[in-house]
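Colleague: Could you work out the structure for the sequence below:
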Amino acid sequence: MRKFKFKRQLALIIAIAVILSLFAAVALILAMGGCAITGSIPVPAMTNETSPAEMPTTKESTPASPPSSSGNAITSNTMPPAPETTAVPSSLPSLDISLKSGKTTVPPTTTKPKTSATKQTSNKTTSSAGTTEKTTTTAASLSAPGAVAITFDDGPGKHTGKLLDALKKYDVRVTFFVQGQFVESRPDLILRMHQEGHQIANHTYSHKYLSQVSADVRRSQLKSTSDAIERITGSRPTLMRPPGGYRSEPVYQEAGKQGMATVFWDLDPGDWKKNNKNVNYIYNYLLDHTKKGKIILLHDIHQTTVDGFIKALPVLIERGFTFVTVDGLVKLQPGDVYPSYWRR
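Modeller: Next up, the predicted model:
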């Protein structure tokens, strides 16, 4: 009886051991299965991209709009939207990373040609006769593009002294295109122009339209005036303006032979016209139209022009304009024509 009882206890122990072994086996199987599942999850590859939290925040700048053909800037709503790009680290300045395309491109390296703002260049055009003509490039010739050149034609006259007083008061220099006959009749004004730093230029002896006279008359009109100026100032003029703007290649050539460039104008209020002989008209025209880098045509033989200019001068100075002689605005050589678009 006691032996049978011992066998029952032994069987119970063995059964408990088997059950425990089964539990251990199940636990082991579950553990191994978990490791297999974990091992199947891919580990993300390391990248050198900067995380959003580390990206520097920079304020985007809008590129300046180019001027339109009318001279006004193109409004911002006509500019195409800029592509969305990520910030590029400073160590990789040549990379352009686009989020839309997902591609990284390296733009080709370009070398920007060197340019000189003050170097004078010339273009050559061929006329119908087959001869080569020299024309001065406007933009390259400007030595003071931020300034304005005021010019006075046909004098000196009875109002020129008043004009010189105002120019001296405001410390402004201008260019006078004078007639030889008035140089001889008012030498004191020519000498004062010279002594006060103004430029004196040739406007023929008696206002002849140079393209409509003979070669001898053209030569005499220019030479007599230059001679008269030299007798008073000690130097010959380097600039000439043909009366009325009447021009031709023979006119330019004769000026060049006598050591002068031919100079026209950019802005003309037409102050010689009857309806424009008004102080307020001249004043308003100058305030509305004066632009940097331009040559303005006026006539000091008209009182309304002189008074209108004197009225406008301090306002223009207050607006930041500076005034120079034509020589101070652009450097020209004998035979040049400026502005070059007049040479057609």
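Colleague: hang on, Ala166 is in a strand, isn't it?
Modeller: No - per DSSP: H, G, I helix; E, B strand; the rest coil, Ala166 lies outside any strand segment and is helix.
Colleague: what about Lys162, which helix or strand?
Modeller: Assigning secondary structure by DSSP states H and E places Lys162 in helix 160-169.
Colleague: Need the CA coordinates for the helix or strand just after that helix. CSV is fine.
Modeller: Proceeding N to C from helix 160-169, the next assigned helix or strand is strand 175-178, under DSSP H and E. The C-alpha trace of strand 175-178 is given here as CSV (Å, rounded to 0.1, in the frame of the first residue of the first chain):
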residue,chain,number,x,y,z
THR,A,175,27.5,124.8,-70.8
PHE,A,176,26.8,127.8,-73.0
PHE,A,177,26.6,127.3,-76.8
VAL,A,178,27.3,130.8,-77.9
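Colleague: partners of strand 175-178 in the sheet?
Modeller: Partner strands for strand 175-178, per DSSP bridges, with pairing direction: strand 148-153 (parallel), strand 199-202 (parallel).
Colleague: buried stuff in the helix holding Lys162?
Modeller: Of the residues in helix 160-169, Thr160, Leu163, Leu164, Ala166, Leu167 count as buried by neighbour count, 16 or more other Cβ atoms under 10 Å. Quick note: C-beta positions are derived from backbone N, CA and C, even for glycine.
Colleague: cool, stretch 194-210 as well?
Modeller: 194, 198-205, 207-210.
Colleague: of all those residues, which two lie farthest apart?
Modeller: Farthest pair in the buried residues of stretch 194-210 (Cβ to Cβ) is His194 and Tyr209. Separation: 27.6 Å.
Colleague: Show me where this structure has its helices.
Modeller: 2-39, 138-141, 160-169, 180-185, 187-195, 215-233, 249-257, 279-289, 303-318, 326-329 (DSSP state H).
Colleague: any idea of the mean pLDDT for the fifth one?
Modeller: Averaging pLDDT along helix 187-195 gives 99.
Colleague: and the angle from that helix to strand 148-153?
Modeller: Angle of helix 187-195 versus strand 148-153, following axes from the mean of the first three to the mean of the last three Cα atoms, to 10 degrees, is 160 degrees.
Colleague: what's the burial count for Glu254?
Modeller: Neighbour count of Glu254, defined by other Cβ atoms under 10 Å: 21.
Colleague: so it makes contact with Gln221?
Modeller: No - at 9.3 Å, Glu254 does not count as touching Gln221 under the criterion of Cβ atoms under 8 Å.
Colleague: Mind listing the shared neighbours of those two?
Modeller: Leu210 (Cβ atoms under 8 Å, 6 or more residues apart in numbering).
Colleague: rewinding a little: select from the helices of the chain the stretch with the lowest mean pLDDT.
Modeller: Here the helices of the chain differ in mean pLDDT, and the lowest is helix 138-141 at a mean of 42.
Colleague: between the helices of the chain, which one is nearest to Leu297?
Modeller: Of all these, the one in closest proximity to Leu297, counting by Cβ to Cβ, is helix 303-318 (10.2 Å).
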